[in-house]
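**Student:** next come a sequence and a model predicted from it.
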Amino acid sequence: MLVSKVIVAALAVAVFAAPAQAQGRELLMPGVTYERQVVFSSHGPVAVHVLTAHKPGGLWSLEPALSNSAIVGRQTVTALSREAGRGATVAAVNGDFFAGGGAPEGIVVRGGVLEHEPRSDRASVGVAPDGTLRVDRVRVFGRWWGTGQRRPLDLNRPPAANGAALFTPSWGTSTPAGQGVVEAVISGLPPIRAGVELAGSVARIGQTNGGTPIPRDGAVLVGRGAGAGFVSSEAPSGATLNVRLLLSPDWSDVSSALGGGPALVRDGRPVFRHAEAFGETLLGRAPRSAVGQLRDGRVVLVAVDGGQRGYSVGMTSFELAQTLVRLSAVTGSGLGTGPAATMAFEGRLLNRPPGGRETPVADALLVAYRGVYAAPPSEPVLSPNADGVAETESLAYKLPRAATVTAELVGPGRLTRTLESRAREAGTHRFSWGGRAAGGAVEPEGAWQFRVTAAEPGGQTTTAQRDFSLNRTLGSLAVRPGARRSVRASFALAHAAKVTGFIETRAGAVVAVTRTRTLNAGRRAVVWNGRASGRPAHRGGYVFRVAAVNKLGRAELAQRFALG
């Protein structure tokens, strides 16, 4: 029996071990890249979105974000990343599984503060002080005591039938509804930290139906059934109330944590039997997300699209484990499964959820960078040649904190043009550059770089840069029908170049390529014969993309047309 199970697992690896096709790696921010991969499995194509980030520490962090900054409620991942981006540059994936009201099912630790207790039958993900990712089954042991003995305590979770729960400001503005509960309002109770004994004073106590406001500098102890009797008798008004929550294993040094599961990778090997509380519906083929860590400390976030035949059919839990191992993860865990699987950057959706719509979630896992960030230039190739295309470059940078900034453009031969050098407040700052000197002459053609250096008052200096080129080689593209279903693309060449025409569908698939020709400067053209794979192309909308390559680099222009 054991042999057969091993064979089944090996076959599963073989079936899914198709090579991934990457579609370009994009630098999102310093130390963080994104790429979309396509894996061809026996069940159909799978779109895998991969974000690789610097090891947590210093300017980079891996941390959870709560929707609406509270346990209850839901928000989209794009909204969460946009809000967190006010003090950092942020990429994000969805976090834990969640209940209907929006409360995460597992642990939440932010800034070392325990905001929600773990679920012991599923894996939790934590970040150690040295930036190491921990994936463990974590249990909580909570106790409260006033004038009597120590009593069991839940944290930011509705109390059991005869239990008690503590609701801190992390829960929200008021306690949940609960018929006939006893609630003790505690003032002066510090934020909850695992392993630390804390004390506050009972400001008032009484029987309610929930909805009691939670003080910003305290909490509310809620008792139900027998627990209500203990709260009533052992937490009288004016008494000192003590609480302590322990985590096993000891995660008192973990600064950030959230729930999820199952554990997917241990010691660089995919986990086939995780023995966690997941039913078949959560282990089958579906959209998925995960987090892992490479041997060098870098972190990978993964979002897998699913439920979309012909585009992406999704993955099983074990296939996701294999994917993390293929990406060189030595540790990894799953996160929320299903339509909620989402990846975003600075409020921009990176993946494609089912139906093209995001599912609001309870929390998200963020990669945050707290140095200066330079946005990609609006034009990869600036072409100031008066044809109305790519005439102006829009540039921008973002500061998480106030700093003295030097922003400059560096061109061929280390030519430097200073855009500004002065103190700036936190926020986004923008420039527009037309590629011309003060007298109106075009700046030298070739490779340019937008470079920003930010020196903060505390002594920390960070730098960001983005590359683009200034190239007037190609301009004034015009696409017209020719004889016998042919299509003619004419254009102006400022310099000699090797020119190729690409005919694409409106979705970007290349259906035909013209012969590459070396053409001299002047008004020139390339012609497509209207055939694809040797046959007449289907009628409909296409894009004619012309690429010109020379010592200055590559320039492209594209125009839509209809094949009649």
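**Tutor:** Yep, it's here.

**Student:** domain ranges for the chain?
**Tutor:** Domain segmentation of the chain under automatic domain parsing yields 2-134+256-369, 139-248, 373-470, 474-563.

**Student:** most packed of these?
**Tutor:** Burial of the domains of the chain is given as mean neighbour count (mean count of other CB atoms under 10 Å); domain 2-134+256-369 ranks first at a mean of 20. Glycine gets a C-beta too; all of them are placed from N, C-alpha and C.

**Student:** can you pull the contacts of the residue nearest to the spatial centre of the chain?
**Tutor:** Nearest to the geometric centre of the chain sits A92, at 2.2 Å (CA atoms, centre = their mean). For A92, the contact set (CB atoms under 8 Å, 6 or more residues apart in numbering) comprises 65, 77, 80-81, 84, 342-345, 364-367.

**Student:** okay, and T33 sits in which element?
**Tutor:** strand 32-41 (DSSP states H and E).

**Student:** for the stretch 151-300 of the chain, which segments count as helices?
**Tutor:** Applying DSSP state H, counting those that start in this stretch to the stretch 151-300 of the chain gives helices spanning 226-234, 280-283.

**Student:** how about the ones you listed in CSV, adding distance to P56?
**Tutor:** Converted to CSV, the helices of the stretch 151-300 of the chain look like this (distance: least, CB to CB, whole Å):
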stretch, distance to P56
helix 226-234, 39
helix 280-283, 28
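
**Student:** of all those, which one comes closest to A558?
**Tutor:** Taking CB to CB as the criterion, A558 comes closest to helix 280-283 out of those, the separation being 43.6 Å.

**Student:** any idea how far that closest one is from the chain center?
**Tutor:** 24 Å (CA atoms, centre = their mean, to the nearest Å).

**Student:** avg pLDDT for it?
**Tutor:** For helix 280-283, the mean pLDDT works out to 76.

**Student:** so that it lines up with my notes, have the first residue be 10 from now on.
**Tutor:** New numbering, starting at 10: the last item is helix 289-292.

**Student:** and that helix, what does it pack against?
**Tutor:** If you count contacts as 3 or more CB pairs under 8 Å, 6 or more residues apart in numbering; DSSP states H and E, helix 289-292 packs onto helix 326-335.

**Student:** check which helices and strands the helix it packs on sits against.
**Tutor:** Judged by 3+ CB pairs under 8 Å, 6+ apart, helix 326-335 is in contact with helix 11-25, strand 272-275, strand 278-279, helix 289-292, strand 297-303, strand 308-313, strand 338-343.

**Student:** which of those has the lowest mean pLDDT?
**Tutor:** In terms of average pLDDT, helix 11-25 trails the rest of the helices and strands packed on helix 326-335, at a mean of 38.

**Student:** what segments of the stretch 10-159 of the chain are strands?
**Tutor:** Secondary structure of the stretch 10-159 of the chain by DSSP state E, counting those that start in this stretch: the strands cover 29-38, 41-50, 53-62, 69-75, 98-103, 117-119, 122-125, 132-136, 142-146, 148-154.

**Student:** minimum distance to R278: which of those has it?
**Tutor:** Among the strands of the stretch 10-159 of the chain, strand 142-146 comes nearest to R278, with 13.1 Å by CB to CB.

**Student:** so how far is stretch 81-93 off the chain centroid?
**Tutor:** Distance of stretch 81-93 from the chain centroid (CA atoms, centre = their mean) equals 11 Å.

**Student:** CA atoms only for that stretch, dumped as CSV, please.
**Tutor:** Only the C-alpha atoms of stretch 81-93 are listed here, as CSV (Å, rounded to 0.1, in the frame of the first residue of the first chain):
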residue,chain,number,x,y,z
VAL,A,81,-14.2,42.5,11.2
GLY,A,82,-15.0,43.7,7.7
ARG,A,83,-13.6,43.1,4.2
GLN,A,84,-11.7,45.0,1.5
THR,A,85,-10.2,44.2,-1.8
VAL,A,86,-6.5,43.5,-2.0
THR,A,87,-6.0,46.5,-4.3
ALA,A,88,-7.6,48.8,-1.8
LEU,A,89,-5.5,47.3,1.0
SER,A,90,-2.3,47.8,-1.0
ARG,A,91,-3.3,51.3,-1.9
GLU,A,92,-4.0,52.3,1.7
ALA,A,93,-0.8,50.7,3.0
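
**Student:** verify the stated contact: N171 with G234.
**Tutor:** Yes - with contacts counted by CB atoms under 8 Å, N171 reaches G234, the gap being 3.8 Å.

**Student:** tabulate the strands of the stretch 10-159 of the chain (a markdown table), appending mean pLDDT and distance to R307.
**Tutor:** Below are the strands of the stretch 10-159 of the chain laid out as a markdown table (pLDDT from 0 to 100; distance: least, CB to CB, whole Å):
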| stretch | mean pLDDT | distance to R307 |
| --- | --- | --- |
| strand 29-38 | 80 | 14 |
| strand 41-50 | 94 | 10 |
| strand 53-62 | 96 | 6 |
| strand 69-75 | 97 | 10 |
| strand 98-103 | 98 | 13 |
| strand 117-119 | 98 | 22 |
| strand 122-125 | 98 | 26 |
| strand 132-136 | 97 | 13 |
| strand 142-146 | 97 | 10 |
| strand 148-154 | 97 | 30 |
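
**Student:** so what strands line up beside the host helix or strand of R475?
**Tutor:** If you go by DSSP H and E, R475 is part of strand 470-479. Strand 470-479 has the following strand partners under DSSP bridges: strand 390-391 (parallel), strand 455-464 (antiparallel).

**Student:** redo the ones you listed as JSON lines? Include mean pLDDT.
**Tutor:** Shown next, in JSON lines, are these (pLDDT from 0 to 100):
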{"stretch": "strand 390-391", "mean pLDDT": "98"}
{"stretch": "strand 455-464", "mean pLDDT": "98"}
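
**Student:** between the contacts of A101, which is nearest V252?
**Tutor:** Checking the contacts of A101 against V252 with CB to CB, the nearest one is A74 at 25.2 Å.

**Student:** quick one: that closest one from A383, how far?
**Tutor:** Taking CB to CB, to the nearest Å as the measure, A74 falls 24 Å from A383.

**Student:** so who does the residue nearest to L428 when sequence neighbours are not counted touch?
**Tutor:** Ranked by CB to CB, 6 or more residues apart in numbering and with sequence neighbours excluded, the top spatial neighbour of L428 is A416, at 4.3 Å. For A416, the contact set (CB under 8 Å, 6+ apart) comprises L404, Y406, T427, L428, E429, S430, H438, F440, F459, R460, V461.

**Student:** and with 10 Å instead?
**Tutor:** Residues in contact with A416 (CB atoms under 10 Å, 6 or more residues apart in numbering) are 381, 383, 404-406, 426-431, 433, 438, 440, 459-463, 473.

**Student:** mind checking which of those are in strands?
**Tutor:** 383, 404-406, 426-431, 433, 438, 440, 459-463, 473 (DSSP state E).

**Student:** G397: what secondary structure?
**Tutor:** With DSSP: H, G, I helix; E, B strand; the rest coil as the basis, G397 sits in coil.

**Student:** these two touch, right, it and S485?
**Tutor:** Yes - the pair G397 / S485 is scored as a contact, 8.7 Å apart, by CB atoms under 10 Å.

**Student:** relative to L37, how far out is the residue nearest to the centre of the chain?
**Tutor:** For A101 relative to L37 (CB to CB), the value is 11 Å.

**Student:** find the residues that touch each one of those two.
**Tutor:** Residues touching both A101 and L37 by CB under 10 Å, 6+ apart: L60, F354, E355, L359, V376.

**Student:** closest to A299 among the residues you listed?
**Tutor:** L60 (11.0 Å).

**Student:** check contacts around G448.
**Tutor:** By CB under 10 Å, 6+ apart, the contact list for G448 is empty.

**Student:** and it, that one's in a strand?
**Tutor:** No - assessed with three-state DSSP, G448 is coil; it does not lie in a strand.

**Student:** ok, H504 touching K560?
**Tutor:** Yes - in this structure, H504 is within contact of K560 by CB under 10 Å, at 8.5 Å.

**Student:** what do the two both touch?
**Tutor:** Joint contacts of H504 and K560 (CB under 10 Å, 6+ apart) are E454, T482.
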